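Trainee: Following is a predicted model, sequence given first.
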Amino acid sequence: MANEKFRVIIVGAGPNGLYMAHALAAANIDFVVLEQQPTVVRHQGALVIMWPQSARLFDQLGLYDEVKDRSFPMHSKADLLANGQVLDTVRMWEKIQQHHSYPMLPILRSDLIDVLYHRLPNRETLVKTGAELSNITVDESGVKVFLKDGTLERGSVVIGIDGVHSKTRELMHELKSGPNKTSSEEPMVATYHSVYAKAPNLQGIEAGIFYETRGTGASTQLVTSQDMLYFVLTKALPEPTTKRTRYTRDQMEEHAQSFFDTALAPGVKLQEVWTNVDKESARLVNQEEGIAKLWHHGRIVLVGDSVNKTTSISGLGANCGMHSAAVLASEIQKLLASNPDPDTQSLDETFARYQRFRSKESKRIYDFGYNVTRRVTWSTWSYWFTDRVLLRWLNPDKMMETNVYPMISNGQVLSYVPFEGKKALVPWRRVPDAKV
């Protein structure tokens, strides 16, 4: 904004929104975070798995130790049939840490948000709750964000990190299309829906193993700690949908009951676990997938699930969004270092570079998630053949060397924060421009 300090308005206080806040704070860029919910930390939501490249991002900002303390160790992945027969067990997570120095970090989404929120300086004034978006107006001098409670926030740019049903994305398309037209883009389609739940580990299932069952139209995933079981029950929808669906408790129960004879782990069926599930935090939600064509317009730019969404089966969604946030923060910092008062064209060019840079990797991650989801749910004969026959003949170490390790070592960093981090057997491809 002319003659005023550059100010970023972040919409959404999820993990990626709060990471973006930390990244901007590290660059001394003014910001405010708007969260429509009444509180930032809510003790609900699924377990997320932060990969080593994301652990490295936390380490760069001094957050790694606390995030790690809230997680628990994993060492192996076991592939099962629905009857509990074990197809393969590979010490995958252990090997990943050996090659990249940082571990996989399974952590409750609420715990991750708690760390990111409470470690944010001046959070009481910089993060505003109950701030539901109503409208955005843009001119050459900046942006105005109107909230449903009548509040007005002024800034230089808006970064929408407000999820798969992004209000920021909707308003951005309205601005681009004009007052009398609406955009026809509806990039996110749900073909699957899932129950996310947790229960005490009363069955004594071995901790540190990621169990994944497969079957026609359905799959389960279970992550185990000493005390708790965290699991996902995924099933194909009768028909794909773009509509937002809010399921009832009865619908969640019906979904879960269809898995009662499915083994979450060898010798343990869902039915005996479901009795002790925390029903207050459990939820049934659609699993949207899609990549938006438009990531930015003028002074508005989008990050995370608002532009790139995969099912949770791949475990990469939150990671992908966080690395996009790192790239965007680095691009903004670079622009402001040379031009503290950028015009709309300069900002749009910066956002275009961000989309060009991230869209290729985001597409690779989307494709990976798309194929994994359909492979474990045997959506076609070819996916069944790949899962049941081909993968059982391939060397898992070679597959990780070819597909997994390069993806991890390609992780982003903030270009302007000096950082060395952990040295890895597979060298990190990116290091900050700023030196220690």
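Mentor: Yep, that arrived.

Trainee: got the contact list for the most centrally placed residue in the chain?
Mentor: Centroid-nearest residue in the chain: Ala318, 1.5 Å away (criterion: CA atoms, centre = their mean). Shown in contact with Ala318 (CB atoms under 8 Å, 6 or more residues apart in numbering): 15-16, 48, 50, 54, 109, 304. Bear in mind the C-beta positions are built from the backbone N, C-alpha and C, glycine included.

Trainee: try Gly208
Mentor: 72-76, 93, 224-225.

Trainee: The longest helix along the chain packs against which elements?
Mentor: Longest helix of the chain, by residue count under DSSP state H: helix 344-376. Applying 3 or more CB pairs under 8 Å, 6 or more residues apart in numbering; DSSP states H and E, one finds that helix 344-376 contacts strand 209-215, strand 283-291, strand 296-297, strand 308-309, helix 317-338, helix 381-385.

Trainee: Could you say which one of the ones you listed comes nearest to Ala131?
Mentor: Ala131 lies closest, by CB to CB, to one member of the helices and strands packed on helix 344-376: helix 317-338, at 19.4 Å.

Trainee: Tell me, please, where in the stretch 51-200 of the chain the pLDDT is lower than the cut-off.
Mentor: Applying pLDDT under 70 to the stretch 51-200 of the chain flags the ranges 179-186.

Trainee: can you map out the helices along it?
Mentor: Secondary structure of the stretch 51-200 of the chain (DSSP state H, counting those that start in this stretch): helices at 52-60, 64-70, 92-100, 109-118, 123-126, 167-177.

Trainee: Of all those, which one comes closest to Arg244?
Mentor: Closest approach to Arg244 among those is made by helix 167-177 (11.7 Å; CB to CB).

Trainee: how about the CA coordinates for that closest one, as CSV?
Mentor: Backbone C-alpha positions of helix 167-177 (Å, rounded to 0.1, in the frame of the first residue of the first chain) are rendered in CSV as follows:
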residue,chain,number,x,y,z
LYS,A,167,-14.1,-18.7,0.3
THR,A,168,-11.1,-16.8,-0.8
ARG,A,169,-11.0,-18.8,-4.0
GLU,A,170,-14.6,-18.2,-4.6
LEU,A,171,-14.2,-14.4,-4.2
MET,A,172,-11.1,-14.3,-6.3
HIS,A,173,-13.0,-16.0,-9.2
GLU,A,174,-15.8,-13.5,-8.9
LEU,A,175,-13.3,-10.6,-9.1
LYS,A,176,-11.7,-12.1,-12.2
SER,A,177,-14.9,-12.9,-13.9
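
Trainee: Tell me the helices and strands packed up against that helix.
Mentor: So helix 167-177, by 3+ CB pairs under 8 Å, 6+ apart, packs with strand 133-139, strand 157-160, strand 296-297, strand 300-302.

Trainee: re earlier: please identify the deepest-packed of the helices and strands packed on helix 344-376.
Mentor: Comparing the helices and strands packed on helix 344-376 by mean neighbour count (mean count of other CB atoms under 10 Å), strand 308-309 ranks first with a mean of 26.

Trainee: thinking again about what came up before, closest one to Asp367 among the helices of the stretch 51-200 of the chain?
Mentor: Ranking the helices of the stretch 51-200 of the chain by proximity to Asp367 (CB to CB) places helix 52-60 first, at 18.0 Å.

Trainee: now the closest one: how far from the chain's centre is it?
Mentor: Chain-centre distance of helix 52-60: 14 Å, with CA atoms, centre = their mean, to the nearest Å.

Trainee: Need the contact partners of that helix.
Mentor: Counting by CB under 8 Å, 6+ apart, 19, 50, 64, 67-68, 96-97, 100-105, 318-319, 322-323, 326, 407-414, 417, 419, 421-422, 428, 432 sit against helix 52-60.
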